[in-house]
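Engineer: sequence first, then the predicted structure, then my questions.
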Amino acid sequence: MHAFDYIRAERVDDVLAALADPNTKCLAGGTNLLDLMKAYVEQPERLVDITHLPLHQIEALPEGGMRIGALVPNSDLANDATVRARYPLLAQALVAGASPQLRNMATVGGNLLQRTRCHYFTDIGFSACNKRDPGSGCAAREGSNRIHAILGASDQCIATHPSDMCVALAALDAVVEARSASGVRQIPMDGFHRLPGTTPQRDTELRHDELITAVLLPASPFAERSRYLKVRDRASYEFALVSVAAGLDMQGDTVRDARIVLGGVAHRPWRAKAAERALVGRVLDNTALAAAATAATEGAHPYRDNAFKVTLAQRAVARALREASRA
Amino acid sequence: MNATSLTSKGAARRRFLCGTGALTTGIAASACIHVGDATAAPAKAAAIAQAPGAPVPVRLRVNGHDYDLQLEPRVTLLDALREYIGLTGTKKGCDRGQCGACTVLVNDRRINSCLALAIAHAGDRIRTVEGLAGAAALHPVQAAFIAHDGFQCGYCTSGQICSAVAMLAEARGDTISAATADVRRKGPVELTDAEIRERMSGNLCRCGAYVGIVAAVRDAAEQV
């Protein structure tokens, strides 16, 4: 890891001032940033330790939603009594991610800004990576791409977003609150993470001069019947090959509305709107589940090693929906 | 070295390693100086060094003792413990947050010390495997690992033990895991083998001593 300066910030304004420097990065849990710094993928000249900022609150809002401070550790959020009661989908997604040690360190804001685990991005021994070095190419397209995207990729980048938490947040219509010197703005999860397109170096819509201060969760009709299903190469402590956040709003046996978001298949949490539409107004029988499963991978484009993800995603969608209906 | 040494032999080994570290890595002997009282001059963690990334004073509180160190900001908590303080019980496995060998307790929570900066933990209560045992007896988790043969080569063991100590406290606090059937259900955690395996999944054992590890944790859960 290269040498860098370290400052500990006590106030949000101090962080915003420090972020005027493009070579300064925020340090929260450090579980992804320090790892990437050890790999020389990230080489900031200065770290601002933001862990002492007053952004650790989890608040249950009177109208049924929640406001979650950006520095709440993943483990605390998963175990918050209100999250477990109102948003079991989020609690399930959080404990599906990483390890207990890493969840104690990793924060909500940091989890939103996680970078891909594409082997070609995290190893500077590979020269071609448009995300790490724009214009250098994409080694994954013709390389070992078993873990890579099947949806929404571009010829510039086929990396996936690694987070479990973000998949659940997308299904719950969460909103990211960010502050900069020019004020506060709210970015819906639907528009927070980007597709790679021609600028895969940009994972999210967050600007360098902005600091995530909170995540807002609205009251959700999908909270009661929901399920986070994660499929991976080993039983625990592994990133998803495919994951599904499924939520159902039921009227008797009939689906009033549904949320289906896939993880591990795209550069961002992948909202399967066609699959959701395929369920509305229908009884959740095997025919409806099959229709939703097929619709979920509409437009899929697998690469040499990851065609299995298409079938896997379809089956995971059907199973997550069935389990959500029984929750 | 301090009251937490289990035997005089253990203490001697630690002193030897500390001295060896200073010799072989060229670290100044002062890096091993142990400041036992709270009256020493306060060290400020927040500092902007003269040269980029230059060493700055950092005071770490480890196993109840204060250590005044000069550390570059890039020094991880793991390296500070092993190379600067001489507490080599905490192991460096992958050094990338993928194995758990470096697990320590910070403010009673288990973390990977390889992905933590030492400077960021100035002011925190750090507990390593050397700080678990009492003056007269091993910690129940340590004793259970011996009783159940919860290791082969032993390299992952201090991380496993620190992790298990925190895990048992988490379970007593009714926390959920990926093995929890219904996260909405409140109440005591039943530490089934599936729960133990999931809750200990942040610690890998390349020897595959998992059967003994699970048995040790199950046994310790009844004693702690």
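Structural biologist: It's in.

Engineer: so which strand or helix has the residue nearest the centre of chain B?
Structural biologist: In chain B, the residue lying closest to the centroid (C-alpha atoms, centre = their mean) is B:Val104, at 2.4 Å. With elements taken from DSSP states H and E, the one containing B:Val104 is strand B:103-106.

Engineer: I'd like to know which elements that strand is packed against.
Structural biologist: Counting by 3 or more C-beta pairs under 8 Å, 6 or more residues apart in numbering or on different chains; DSSP states H and E, the packing neighbours recorded for strand B:103-106 are strand B:109-112, strand B:125-127, helix B:157-172. For the C-beta atoms, the positions are set from N, CA and C on the backbone; glycine is no exception.

Engineer: the longest one close to chain A?
Structural biologist: Yes: using C-beta under 8 Å from any C-beta of the partner chain, helix B:157-172 reaches chain A at B:Ser163, B:Ala166, B:Met167, B:Glu170.

Engineer: of all the helices and strands packed on strand B:103-106, which one is nearest A:Val255?
Structural biologist: Smallest distance to A:Val255 across the helices and strands packed on strand B:103-106 (C-beta to C-beta): 37.1 Å, for helix B:157-172.

Engineer: what are the buried residues along that closest one?
Structural biologist: Neighbour counts over helix B:157-172 (16 or more other C-beta atoms under 10 Å in any protein chain shown) mark B:157-168, B:170-171 as buried.

Engineer: same check, this time on stretch A:207-227
Structural biologist: Buried residues in stretch A:207-227, defined by neighbour count with 16+ other C-beta under 10 Å: A:209-217, A:220, A:222-227.

Engineer: among those, which are located in strands?
Structural biologist: A:Leu211, A:Ile212, A:Thr213, A:Ala214, A:Val215, A:Leu216, A:Leu217, A:Arg225, A:Ser226, A:Arg227 (DSSP state E).

Engineer: so for stretch B:91-104, mean pLDDT?
Structural biologist: What stretch B:91-104 shows for mean pLDDT is 98.

Engineer: and the end-to-end length of that stretch?
Structural biologist: For stretch B:91-104, the separation between the terminal residues is 10 Å (C-alpha to C-alpha, to the nearest Å).

Engineer: in chain B, where is pLDDT below threshold?
Structural biologist: Along chain B, segments meeting pLDDT under 70 span B:1-50.

Engineer: give me the distance from the longest helix along chain A to the chain's centre.
Structural biologist: The single longest helix within chain A, with elements called by DSSP state H, is helix A:308-325. Relative to its parent chain, helix A:308-325 has a centroid offset of 19 Å by C-alpha atoms, centre = their mean, to the nearest Å.

Engineer: which strands and helices sit next to that helix?
Structural biologist: strand A:225-231, strand A:242-251, strand A:254-263, helix A:286-296.

Engineer: redo those as a markdown table? Include distance to B:Asp66 and mean pLDDT.
Structural biologist: A markdown table is the format used below for the helices and strands packed on helix A:308-325 (distance: least, C-beta to C-beta, whole Å; pLDDT from 0 to 100):
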| stretch | distance to B:Asp66 | mean pLDDT |
| --- | --- | --- |
| strand A:225-231 | 43 | 98 |
| strand A:242-251 | 45 | 98 |
| strand A:254-263 | 44 | 98 |
| helix A:286-296 | 56 | 98 |
